Structure formats: C-alpha cells, structure tokens
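Participant: Sequence and predicted structure, then a few things I'm wondering about:
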Amino acid sequence: MLLDQIHEPADLRRLSLDELEQLAAELRQVIVDTVTTTGGHLGSNLGAVELTLALHRVFDSPRDVLLWDTGHQAYVHKLVTGRRERFATLRQPGGLSGYPNRAESPHDWIENSHASTALSYAHGVATALRLRGEGDRRVVAVVGDGSLTGGMAFEALNNLGHSGSRVVIVLNDNGRSYAPTISKLSVQLSTLRLNPAYVQARERVRELLRAIPGLGDLAYSSVHGLTSALREVVTPHQFFEALGIRYAGPFDGHDLATMEQAFAHAAEWDGPILVHVVTHKGKGYAPAEEDEVQRLHDLKVQPRPASVGVNGTGSQAGLDVAPVSYTDAFTRAILDEAARRPELVAITAAMPGPTGLLPFQSAHPERFLDVGIAEQHAVTAAAGMAMAGLRPVVAVYSTFFCRAFDQATYDVGLHRLPVCFVLDRAGVTGDDGPSHHGLLDLALCLSIPGMTVFAPSSAEEVPVMLHQALELPGPSAIRFPKTPARRSPDGVTGEGLKARRLRQGDGSVCLLAVGKLVQAALEAADLLATRGIEATVYDVRVVAPPDLAMLADAARHELVVTAEDGVAVGGAGTFLLAAMADLPELDRALPPARTLGTPRRFLAHGKPDQILAELGLDGPGLARSVEDALTLERARARLT
Ligand SMILES: Cc1ncc(C[n+]2csc(CCOP(=O)(O)OP(=O)(O)O)c2C)c(N)n1
Ligand SMILES: CC(=O)[C@@H](O)[C@H](O)COP(=O)(O)O
Ligand SMILES: [Mg+2]
C-alpha cells in the first residue's frame, strides 16, 4: 500500500496525482475497516480525505499550524502524520484518541472536542506568531459548516476580519452537522455550490484560459479575478468580505488539484481568507453516505452484552439491562407529555438524533427547534419562550451544557423560568475522551438557585421525573448517562421529589447514591454484608431540593458516604452534606462522611465502566471505600 510509505506529510509531496487518488482510496478503506470495529466518526472523516491530503501537501505542518474544529474529522490527519501503525487502537483504552492529541504528535493542537473553537484558536495563534516574529508561519483552521453556526465562530470571524490576522479558514461545507445545517448562510453557500450556471461558467472560463499556452498560474488568478466580478452578482461572499475576510470558492472538496491551487493562493493572502470547499459526508462508503441523519458515529459493530453490571464485567446486582436506553426512555416520555401539553416545545443544538428528539420533530414539527451548534442561544431562546408562556425542554449533552452555564444561570435561573434541561451523556461517557465526559453538570446545576436537579437511576424513572419537572414552576435538570438503562431494582420508581430507601442497614453506614451509581451502591451493600456490615442504601433521585427525611435518617448512622458519576468536589455529595449540616432538628454531632465521585482531573478516553472501576466507583470499589472509612472512623472514635 502507498499508505505504508507515508510516515510524515513530506512523503505526500512526492506523490503524483494518480498516486494521491490511490492513496485516498486506501485511506478510505483503512478508516472504514477501523471505525466499523472500534466505533468512531465515519461520515465526517470519509468526507475530509482529499481536503486533508491537499492541506498537508501545501502547508508545512507542524511549522505551519493546522487547527481542526471539533477534531472528529482528523483521522486522515493522524494517518499521514506518523500514526498509521497505531490507528487500529483508535478510541480504545490506552490507544489513539479519536481527536487530535498533543501528547500523540506535534502536528496536533486542539484536543477539545467542543465545536466552534478553531477560529478563536487561530486568531490567538496567529497573533502570537506575529508578535514573536514568526509571522511567516501559516495558520490554517478547518471548520465545518455546522461548527460555523456556533456563536464563538462568529465572534472569531469578527475579530479575524478586524485584526487582519493572516489566517486561512477552510470551510468544509458538506451541508450537515448530524442533520442539515441550520443556517441561511449555509443555504446561500449551498445555493452557490449547487448553482450550475455559476460553476459551469467558472469551469468554462478556466478551460479556455488553460488552453492558452504559457498562462499556467496566470490562468488561475485570471479565473479568480473573473469570478470576483461574477461573485458581485451571484454569491453570498459579501457576508465574509463585509467582516474583512476574503472569500474564495466554492471549490470541489474532492478535487485534489483544485484544492491545492486554492490553498497555495490562500497561503499568500495577506490577511484572513476563507476557502470554501464543498465535500460529501461519508464519501466513498454507501452506508455512511446514505445515513439519513448523518450519524457521525456509524456502524459500531460491537455486540451488546446480554447483561452488564456496573463494572462492565457481566457481574450484576440482580439487574438486567433494560430494553431501552435512557435516551429512548426520554424520547417516549416527551412524546407522552407533548400529547397532553400543547405548550411544551423541544429544543436541540444540532443533535436531534443523539438526544432522541427525531420522533418529537416528526410528531410536532411546529414545536421543535434545532438552533444549530448554538447551545448558548438555545438556552436563552428557551428563556424567552418560557417568559412568553411556553414550557421548553432543552435537550443537550451534559458536557455541552457547560457552554451555556451563564445563560442557564442568568437568563433562566435569575428569572426563575420553567425551562427543563435534559442532560444526556451525563457522567463518564468514555470513548470521546476528556472534553466529552459529563462530569460537571451536577456541580453547575446545583449552583443555580432554585433549580431542581433530578438523577434517574433507571429507565422507568425518566418519565416520572420529566412529568414532575414539567409540573414545577421553576427551572429543572434531568441528567442521565450514555450507558444502557437498567431496570429499577424492584421495578418501581420513586415519587415526587422524594428519595427512595432501597435497603435498610444496621446503622453503621448510609450510602446516598446518585443516578447510575445506585447499582454500584447496591452491589457494594451486597459485598459489605458478606463482611458483617449492613449498609443502608438510598437512591437519592432528586439532589436538589434534598429529601430532608433521607438526610435526617443518614445523620443517625456512624458513617455517611455519597456516590455520584460526576466530580466529587462541588457535586451532589458536597451539596447533600451541606444540607445535612443545616438540618433544623439535628440533635447530635454530624457523623463522619465521605463524598465519592470523579477526581478533579481530566479523564482520558476509555470504556465508561472500566474508568469508573479504576476510580473505585464500581461495586467493589465503593465497598472498599466504605469499609476503609468505617475502620478508620471506629479507630478514631476509640481514641476520643
Ligand atoms: C459545542 C458542541 N456541541 C455539539 C457537539 C456535537 N457535535 C460533534 S460533531 C457535530 C457536527 C459538526 O458538524 P460540522 O462542523 O459541519 O462538521 P462535519 O461533521 O460535517 O465535518 C456536532 C454537533 C460538539 N462537538 N460541540
Ligand atoms: C464529536 C461529538 O461531539 C459527537 O459526535 C460525539 O462523538 C457523539 O457522542 P455519542 O456517541 O455519545 O453520541
Ligand atoms: Mg458539516
């Protein structure tokens, strides 16, 4: 394979056009073979093959800086920058990250998988290079049409134009995020790229000029000049050029020669320039091309375990995997509620499929809103809807809720508006690495005054909690993990804002478990019982407002231990223990306590339950922590 000869980008520059075409086919095959085994982003990477090859032939990475927005489309970049041999470990524990990773290569810069950041990085890097006298190094930011709908991207475009920074923006336009991109600009741009008159005219002129001997590059710049005139009439480039950013395009994002010429000319432009390339998501592999919701993740061919305990080893606390995921349970629940509540509206930030809102969109298109990759806008628009009498449900991933924390606090919380946040992928998510784990939502939501915070421990609890949330006068959040839901221990659920005592102990230790960790707590209680420790176990269900009866009962134990799939510092445990200290009828000293959760550090990618086990947040780990704490506290008690 030609790919075996590619160890660094310079190796690409020795290839002929035919060899590059062959290499592109090889790259596609490697990506399909790998991703259909490991899971990962198929459509976006298959669409970026020629684009990436052209970039690495024209620009001299890592001296020139290549920035990938979101980073999910950087598999080809990894394959041609010395990671071919490790590519089969993609997204596996200890293997290659699914995103750029600075520890893997000097060619990698941005590790954060949150969209719409690359243009801001580009402004910063270009400014730094200029001030350090290295202004001859080129800065290139590859941004998707979806990522361009994020607010940060517009902030950066404004600053790039204003500052005149020498940055090459490559707009990788395939018309989609997961669903078609929500953007009039994108529609305008696609009108251009689909406008046969414009494209044919430009190609015809290019052919004519090429036919004139000796014109060569002059031909290109003449065409460029001519299309500049033509552009005055038919293209939406004005948006960019009004900001001070040159627009060039659209170019066929699968035509290597054309893109190389375009990038080479852009590299010489003395200021910000946007090169608009048109690609096709999933190109070259029918199952990805035909995926109607363009799921970035395709074809993870991994058998689903028949029954999975918390630690993923198949051991279980008498529980089987429920037939639904939490997301499926939410889909059903919101459809039920929508049938009874005409004022209910659902909002997504470019992820209708992964958040389970596609059926809602089909059933109630007029009550469904996809705002693009614009979580901040989603939240404050929801605040406006609530102010004007609607009941909005904002469905976002836990990690992306971070981006809208200001809006949730001061546009929703401050006005005490009935907006319900459904935070999917809460807790350790695993494959997508540190910027995708949903570890902060409890700490963030619990700091918003008046927000009710639900944490279902089973699929059955999701509809109960959504119904309760939609009855509340103020803001609420319901957070649940990515892993398959499990049946509730006894098939029933809690009610209202109350906790559920699942197991009565001997007064030695009280385990207050949140959401996914209820299963681990029950498993720990089983293990502790074999060692003569009968633990009381609560399913907290509603972290805020706390169930005071549960706290009062917990306070009567020798030891209180809280457990959550989120940061321990500032999370649910911290919140509950503070509330316990404030109990009005507390007639004794507070018992010793431990708050168990994820540590204050970024967690690498891996399998969720394996990560939780390594952190001691599975059944055996919790049991060890309880037993050690009890032993220590009893020794201390003997000393006093
Ligand atoms: C802030 C944020 N919200 C949502 C996502 C989830 N997400 C990952 S990729 C993607 C679509 C990106 O579309 P685009 O930028 O057009 O890139 P493409 O996949 O089409 O190449 C989304 C919404 C994210 N990574 N970051
Ligand atoms: C890159 C990104 O943000 C998403 O594509 C993410 O990878 C989706 O993860 P899920 O597989 O949890 O939907
Ligand atoms: Mg796109």
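Facilitator: Yep, that arrived. Residues are numbered from 1 along each chain as shown. Ligands and ions are numbered 1, 2, ... in the order given.
Participant: Show me the shaky parts of the stretch 151-300 of the chain.
Facilitator: For the stretch 151-300 of the chain, the stretches with pLDDT under 70 are 192-212, 214-236, 292-300.
Participant: Kindly report the same for the chain.
Facilitator: Counting by pLDDT under 70, the chain contains low-confidence ranges at 192-212, 214-236, 292-323, 488-490.
Participant: Could you find the residue in it that comes nearest to ligand 1?
Facilitator: In the chain, the residue found nearest to ligand 1 is residue 144; the distance is 2.2 Å by CB to the nearest ligand atom. (C-beta placed from N, C-alpha, C; glycine too.)
Participant: OK, contacts around that residue?
Facilitator: Residue 144 sits next to 44, 69-70, 73, 115, 171-174, 177 when contact means CB atoms under 8 Å, 6 or more residues apart in numbering.
Participant: at 10 Å instead, please
Facilitator: Applying CB atoms under 10 Å, 6 or more residues apart in numbering to residue 144 gives the contacts 44, 47-48, 68-70, 72-73, 115-116, 118, 153, 170-177, 181, 279, 281, 373.
Participant: Out of these, which end up buried?
Facilitator: 44, 47-48, 68-70, 72-73, 115-116, 118, 153, 170-177, 181, 279, 281, 373 (16 or more other CB atoms under 10 Å).
Participant: Please report phi then psi for the closest residue to ligand 3 within the stretch 201-350 of the chain.
Facilitator: Closest contact between the stretch 201-350 of the chain and ligand 3, by CB to the ion, is at residue 281 (6.4 Å). Main-chain dihedrals, residue 281, degrees, to the nearest 10: phi -70, psi 130.
Participant: In this structure it contacts residue 179, no?
Facilitator: No: using CB atoms under 10 Å, residue 281 is not in contact with residue 179, being 11.4 Å away.
Participant: How much space separates residue 182 from residue 374?
Facilitator: 8 Å (CB to CB, to the nearest Å).
Participant: what is in contact with the two at once?
Facilitator: Contacts common to residue 182 and residue 374, judged by CB under 10 Å, 6+ apart, are 149, 349-350.
Participant: which residues sit in contact with residue 245?
Facilitator: 119, 157-158, 160-162, 164-165, 167, 169, 237, 239, 271-274.
Participant: What's the separation between it and residue 619?
Facilitator: From residue 245 to residue 619 the distance is 55 Å (CB to CB).
Participant: Contacts only, for the most centrally placed residue in the chain.
Facilitator: The C-alpha lying nearest the average C-alpha coordinate of the chain belongs to residue 436 (CA atoms, centre = their mean; 5.0 Å). By CB under 10 Å, 6+ apart, the residues touching residue 436 are 98-99, 112-114, 397-400, 425, 428-430, 482, 603, 605.
Participant: Now do the SS call for the residue lying farthest from the centre of the chain.
Facilitator: Distance from the C-alpha centroid of the chain peaks at residue 213, with 51.7 Å (CA atoms, centre = their mean). At residue 213 the chain is in coil, as set by DSSP: H, G, I helix; E, B strand; the rest coil.
Participant: And it, how close does it get to ligand 2?
Facilitator: 49 Å (CB to the nearest ligand atom, to the nearest Å).
Participant: again with residue 97
Facilitator: Residue 97 sits at a distance of 12 Å from ligand 2 (criterion: CB to the nearest ligand atom).
Participant: again, but for residue 401
Facilitator: Counting by CB to the nearest ligand atom, the gap from residue 401 to ligand 2 is 13 Å.
Participant: now residue 603
Facilitator: The value you get for residue 603 to ligand 2, if CB to the nearest ligand atom is used, is 15 Å.
Participant: Tell me who's in contact with that residue.
Facilitator: 428-430, 433-434, 436-437, 439, 611-612, 614-615.
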